[in-house]
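Engineer: quick one: sequence plus predicted model below, questions after.
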Amino acid sequence: MSNSQAEAPSVTTKAPAAQAASPVVAVRGLVKNYGSVQALRGVDFDVPAGSVLGFLGPNGAGKTTAIKILCGYLAADAGSVSVCGLDVATETLQVKQRIGYLPENNPVYTDMHVEDFLRFAAKARGLSGKAVQQGMERVVVQTGLAEVYRRSIGQCSKGFRQRVGLAQALIHDPELLVLDEPTNGLDPLQVVEMRALVRELGQTKTVMITSHVLPEIEALADNVVLIHQGAKVADGPLETIAAEHSGGLPVRCTVACTEAQLQVLLEESQATYLEKRHASFASAFDAVQSAMIEVDGPQGLAALAKAVSAKGYPLLELTPMGGSLESLFQGLRSGGLG
Ligand SMILES: Nc1ncnc2c1ncn2[C@@H]1O[C@H](COP(=O)(O)OP(=O)(O)O)[C@@H](O)[C@H]1O
Ligand SMILES: [Mg+2]
């Protein structure tokens, strides 16, 4: 599979339009089973050049499996992955040279010094001579490691250890940076610092970052691929996904009225009934209805509030349950939506 792109003079960063057309990563029909567990059931997605892709899914969705295949550390059962036009299955070594990979749970050698570990990582990546020192100096600046440079990794805080992991991923100045749950296990301040670092790296590199929490992805990604039980559920820019699922704002509402009266209210405000809930103020009124409903975004919420107030029914609760992407994601986590 010798590919003319591989031999072409390498195009340096930000060569826009022509490059924008070909994604850095193209995943097609990816399938992986572990015995009877279907970890990936035919997943397709692209990572556009120069973008930050958020790979989002609940625990067990198949994110790490896809990442390991993409980085050349696990073979797929079916489907293909190309990275910078190279086939991961047949040109694994060349693909690895183009990827910086921070694995989940960042397995660094805690008994090594940061400096020695980075030198080791540089040599493992095939750097030699002056390039080793230059690479080390560059990543120490890029990841803010100067103050722990001569410490043993075991003595570093979790935040610094994670930076060491990031530094080894960057040592060969790869085109693509792949980070598997890089903020897992960090304290809130370290999370903020790590996000800032990733955001900065995203200015010059194509980045793919996985997470099982939505705010992480919202904070960092241009595009999102949402997977659930090994299958893709949504794909695209954050705003587009949110817009596609708009009209589906779930709301918890409790009104002192009869069931028939609530039905009329919902019809008047074009809300959809989802499920009946336990009515918390039942003893204080003749009739109380509590329900999960779905309204058409904030306008729908306003329409419902207006309809309730026009009838003069006591409104006891009206709580939007998060934005549209949040509700889609929560739905997946609770096994509600498909
Ligand atoms: N080595 C393995 N052997 C058997 N099952 C595995 C293995 N690795 C992952 N799985 C299973 O595959 C599914 C996807 O796992 P994983 O890719 O780690 O998901 P995620 O990273 O999204 O949490 C899960 O059901 C998980 O239990
Ligand atoms: Mg994982």
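Structural biologist: Thanks, I have it. Predicted model only: the values in this text are computed from it and were never measured. Ligands and ions are numbered 1, 2, ... in the order given.
Engineer: how does the chain divide into domains?
Structural biologist: Residue ranges for each domain of the chain read 18-243, 246-333, as given by automatic domain parsing.
Engineer: Serialize the ones you listed to TSV and add fields for mean pLDDT and mean neighbour count.
Structural biologist: Any C-beta I mention is one placed from the backbone N, CA and C, and that applies to glycine too. As requested, these are arranged in TSV below (pLDDT from 0 to 100; neighbours: other Cβ atoms under 10 Å):
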stretch	mean pLDDT	mean neighbour count
domain 18-243	94	18
domain 246-333	86	16
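Engineer: out of those domains, which is closest to ligand 2?
Structural biologist: With Cβ to the ion as the criterion, ligand 2 lies closest to domain 18-243 of the domains of the chain, at 3.2 Å.
Engineer: close to ligand 1, is that closest one?
Structural biologist: Yes. Part of domain 18-243 sits near ligand 1 under the criterion Cβ under 6 Å from any ligand atom, namely 34, 37, 39, 57, 59, 60, 61, 62, 63, 64, 65.
Engineer: tell me where the stretch 1-150 of the chain has strands.
Structural biologist: Under the criterion DSSP state E, counting those that start in this stretch, the stretch 1-150 of the chain contains strands at 25-34, 37-47, 52-56, 78-83, 86-87, 99-102.
Engineer: ok, the longest one: who's next to it in the sheet?
Structural biologist: Okay, so that is strand 37-47. Strand 37-47 sits in its sheet next to strand 25-34 (antiparallel), going by DSSP bridges.
Engineer: so how far is the partner strand off the chain centroid?
Structural biologist: In this view, strand 25-34 has its centroid 17 Å away from the chain centroid, taken as Cα atoms, centre = their mean, to the nearest Å.
Engineer: likewise stretch 77-89?
Structural biologist: 21 Å.
Engineer: over to stretch 130-139?
Structural biologist: 30 Å.
Engineer: can you give me the helices for the protein?
Structural biologist: Taking DSSP state H as the criterion, the chain contains helices spanning 4-7, 16-21, 63-70, 92-98, 114-124, 130-143, 158-170, 188-201, 214-220, 238-244, 259-268, 297-311, 324-333.
Engineer: going by distance to residue 129, which of the residues of domain 18-243 next to ligand 1 wins?
Structural biologist: Within those, proximity to residue 129 (Cβ to Cβ) peaks at residue 64, which comes in at 35.3 Å.
Engineer: quick revisit: looking at the strands of the stretch 1-150 of the chain, which is nearest to residue 153?
Structural biologist: strand 99-102 (14.3 Å).
Engineer: and that closest one, does that touch ligand 2?
Structural biologist: No. Strand 99-102 lies out of reach of ligand 2 by Cβ under 5 Å from the ion, never closer than 12.2 Å.
Engineer: for that strand, name the packing helices and strands.
Structural biologist: helix 158-170, strand 176-180 (3 or more Cβ pairs under 8 Å, 6 or more residues apart in numbering; DSSP states H and E).
Engineer: from the chain's centroid, how far away is that strand?
Structural biologist: Taking Cα atoms, centre = their mean, one finds the center of strand 99-102 at 16 Å from the center of the full chain.
Engineer: touching that strand from outside, list them.
Structural biologist: Strand 99-102 is contacted from outside by 67, 70-73, 83, 162, 165-166, 168-172, 174-180, 182, using Cβ atoms under 8 Å, 6 or more residues apart in numbering.
Engineer: quick check: residue 241 touching residue 224?
Structural biologist: Yes. If you go by Cβ atoms under 8 Å, residue 241 and residue 224 touch, sitting 6.0 Å apart.
Engineer: mind listing what residue 189 touches?
Structural biologist: Contacts here follow Cβ under 8 Å, 6+ apart; on that basis residue 189 touches residue 159.
Engineer: next, find the distance separating it from ligand 1.
Structural biologist: When Cβ to the nearest ligand atom, to the nearest Å is the yardstick, residue 189 and ligand 1 sit 25 Å from each other.
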